[in-house]
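Asks: Attaching a predicted model along with its sequence, questions to come.
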Amino acid sequence: QQQVKQSPQSLIVQKGGISIINCAYENTAFDYFPWYQQFPGKGPALLIAIRPDVSEKKEGRFTISFNKSAKQFSLHIMDSQPGDSATYFCAAKISSSGYSTLTFGKGTMLLVSP
Amino acid sequence: GAVVSQHPSRVICKSGTSVKIECRSLDFQATTMFWYRQFPKKSLMLMATSNEGSKATYEQGVEKDKFLINHASLTLSTLTVTSAHPEDSSFYICSASPAGTHKNIQYFGAGTRLSVL
């Protein structure tokens, strides 16, 4: 059972456009939702994270929107740049239970065309 | 930001040999470290979770005798792939969680590309 569903699998956006990646979760105990960016041959890097007590968090060009009732959250990349081309993973975690592990989505390959 | 160093970045070995991969948290103490395996264009698959000074917790389907994990200190965890076979070829990634208030955050290493001939 996949607990975090991510879409789309791949995405092509023109430079300057908005990239939108969506995730949906099933476990209502999740209360920490990070997004990771991974370049080929490298490990994932934490991009931005949100908790369910807020509906939106913005850091630079990256924004997470969170809809608790729908159990969905999304990553928006404004003014997308070719350097943003990477694979993006959403994840979810139960923060209260010690070292509980991250549950990852399957990833979205983003290509920003020049 | 917090740095996790993983070594080696790439290793090629013969079938039947053992390979050790090191994961170090450079500027923080990591009470918990995680080992993942990633196939091309796929998501990260958690292999095991290790806490300093205790035995690792392996995910279902991961052979603990084949993938030996040691977390001897708060800054070092090692993964040893024993008697490696070509099907063990993969990208292995470690991550570390700091102690205290930032325990939810996982900082990832750069990964190790293992190729077994």
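Replies: Arrived safely.
Asks: Report pLDDT for the one residue in chain A that gets nearest to chain B.
Replies: Nearest residue of chain A to chain B: A:G43, at 3.7 Å (Cβ to the nearest Cβ). Where C-beta positions appear, they are placed from N, C-alpha and C, glycine not excepted. At A:G43, the pLDDT value in this model is 93.
Asks: just the one 10 residues further on next, same as before
Replies: The predicted structure scores A:D53 at 90 on the pLDDT scale.
Asks: what separates the lowest-mean-pLDDT helix or strand in chain A from the chain centre, distance-wise?
Replies: Ranked by mean pLDDT, DSSP states H and E, the weakest helix or strand in chain A is strand A:103-104, scoring a mean of 92. Centre-to-centre, strand A:103-104 and its host chain are 11 Å apart (Cα atoms, centre = their mean, to the nearest Å).
Asks: what residues does the helix or strand that comes right after it touch?
Replies: Heading C-terminal from strand A:103-104, the first helix or strand you meet, by DSSP states H and E, is strand A:108-113. Strand A:108-113 is contacted from outside by A:6-15, A:17, A:19, A:21, A:77, A:80-89, B:41, using Cβ atoms under 8 Å, 6 or more residues apart in numbering or on different chains.
Asks: again, but for stretch A:8-26
Replies: Against stretch A:8-26 from outside (Cβ under 8 Å, 6+ apart): A:1, A:3-7, A:33, A:35, A:70-82, A:84, A:88, A:90, A:92, A:103, A:105-114.
Asks: which of those count as buried?
Replies: By neighbour count, with 16 or more other Cβ atoms under 10 Å in any protein chain shown, the contacts of stretch A:8-26 hold A:4, A:6-7, A:33, A:35, A:71, A:73-77, A:80, A:84, A:88, A:90, A:92, A:103, A:105-110, A:112 as buried.
Asks: tally of neighbours for the closest residue to chain A within chain B?
Replies: Residue of chain B nearest chain A, by Cβ to the nearest Cβ: B:F108 (3.7 Å). B:F108 has 22 neighbours, counted by other Cβ atoms under 10 Å in any protein chain shown.
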